[in-house]
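Colleague: Pasting the sequence and the predicted coordinates here, then a few questions.
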Amino acid sequence: MSARSDQPRVLLYVQNLLGIGHLRRAAAVARGLVAEGLAVDFVSGGMPVPHLPLGGAELVQLPPVRALDDAFKVLVDQHDRPIDDGFRDARRDRLLALLAERRPAAVITELFPFGRRQMRFELLPLLEAAREAPWRPVVLSSMRDILVTKPRADRNREIVDTLNAYYDVAMIHADPRLVRLERTFPMAADIRVPLAYTGYVVNADDLAIPEADPLATGEVLVSAGGGAVGHDFMRRIADAMPALPLADRTWRFVTGHHMRADALDYLRGLGRPNLVVETMRPDLPALMAGAALSISQAGYNTLLELMAVRARAVVVPFEGGVETEQRLRADLLAEAGALEVVPETGLRPATLAAAIGRALARPRDAVPAVDLDGARAAAALVMRAVRERAAA
């Protein structure tokens, strides 16, 4: 789909380093922007992911990088070579050329400056160029609900100073009735630009809840998002499976695009006739909707899709490296009565079986009312900001 010449353009930048959650959420925002009547350049700096639905946005793939591990300290290219200054300069120049060529009415950076500090080499020059551009694009940050808290005060001050210097709005893709930015960012009060809570962004469109409750006959669905950090989780669920409720049902393991090959081999090597292994299902939310039970990790996209389809769910939040956001989000939703949580450190057959029992006893309509209209609300906010800037 080609954009009309009179459509305002948006440059939406996203950098996935380990999993694909940020990429999928940004793709949902992009689809919302297109539906609102904006032309979108979807600028991705991570490893390419097949079948990413962009709804008519144009994909601009930068030379890809990823994090070597969950410490996020070392960045490597698509050949697993550490990136150098020449690589960084080439990416920066490509990004600046795109800004000058497309002249977007709005620039959106996904997560930055709340995260992706590793990408300052290209994002700070982009922000400087946007601030100096004669057409004065609106600059917005697009942030999920929960921040991985920075232990150093100087890093938090850097986030605040960057927001205040370069941005017009910070979009928070959350329902403020459930969690607000100050819960996980101690210097939120120092932010001078508006904080706009859009509601949660559900990645999948047109989600449908089956009329018939799938509890009696549905499968057990086990999923790990993109799969980059799900190998141990998948093995442990598979090992516990014979001792768990619904053990005689079909158990469908959807491992994700980035699952390690040895984990796939392990699952397939178990030889259980009712254990099905698939690497990717673009219709994963539909599988959630039709499952008797979902067992998964607790990324943003996964939990929102589970709530949208009212699935009975047990989640095991990823807590490796410096990650805290999955556990906090899962605990908040568990407190609200939406799902059951089993901590990684407590993942044993007995604790998992108990959590499954509680989830299966939960009525399907027990999911709390949470604002899931974030993609549409974010798009409307961006369009409004663009029009106001044009009229100023």
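Modeller: Thanks, I have it.
Colleague: Isn't Ala35 up against Ala378?
Modeller: No - using Cβ atoms under 8 Å, Ala35 is not in contact with Ala378; the gap is 11.1 Å. Glycine gets a C-beta too; all of them are placed from N, C-alpha and C.
Colleague: ok, the two, which is more surrounded?
Modeller: A count of neighbours by other Cβ atoms under 10 Å puts Ala378 above the other of Ala35 and Ala378, at 25 against 15.
Colleague: That one is in contact with Arg31, isn't it?
Modeller: No - judged on Cβ under 8 Å, Ala378 makes no contact with Arg31 at a distance of 10.7 Å.
Colleague: Just give me the neighbour total for Ser281.
Modeller: Actually, residue 281 is Arg. It isn't Ser. Neighbours of Arg281 using other Cβ under 10 Å come to 15.
Colleague: What ranges does the stretch 151-300 of the chain have for its strands?
Modeller: 169-172, 195-197, 220-223, 251-254, 275-278, 293-296 (DSSP state E, counting those that start in this stretch).
Colleague: between those strands, which gets nearest to Ala355?
Modeller: strand 293-296 (8.9 Å; Cβ to Cβ).
Colleague: so where is the stretch 51-200 of the chain shaky, pLDDT-wise?
Modeller: 150 (pLDDT under 70).
Colleague: Count the neighbours of Val276 for me.
Modeller: Neighbour tally, Val276, other Cβ under 10 Å: 16.
Colleague: Setting aside sequence neighbours, what's the nearest residue to it?
Modeller: Leaving aside its chain neighbours, Val276 sits nearest to Arg252 (4.7 Å; criterion: Cβ to Cβ, 6 or more residues apart in numbering).
Colleague: For the one you found, name its beta-bridge partners.
Modeller: Counting by DSSP bridges, Arg252 forms beta bridges with Leu221, Val276.
Colleague: again with Val60
Modeller: Val43.
Colleague: okay, now it: neighbour count?
Modeller: There are 18 residues near Val60, going by other Cβ under 10 Å.
Colleague: Now for it: which residues touch it?
Modeller: Asp41, Phe42, Val43, Ser44, Leu98 (Cβ atoms under 8 Å, 6 or more residues apart in numbering).
Colleague: Next one: it from Ala106, what distance?
Modeller: According to Cβ to Cβ, to the nearest Å, Val60 and Ala106 sit 15 Å apart.
Colleague: again with Leu339
Modeller: For Leu339 relative to Ala106 (Cβ to Cβ), the value is 35 Å.
Colleague: Then Leu163?
Modeller: 16 Å.
Colleague: Quickly note the distance from the closest residue in space to Ala390 that isn't next to it in sequence to Ile83.
Modeller: The shortest distance from Ala390 to any residue other than its chain neighbours is 7.2 Å, reached at Ala105 (Cβ to Cβ, 6+ apart). As for Ala105, its distance to Ile83 is 31 Å (criterion: Cβ to Cβ).
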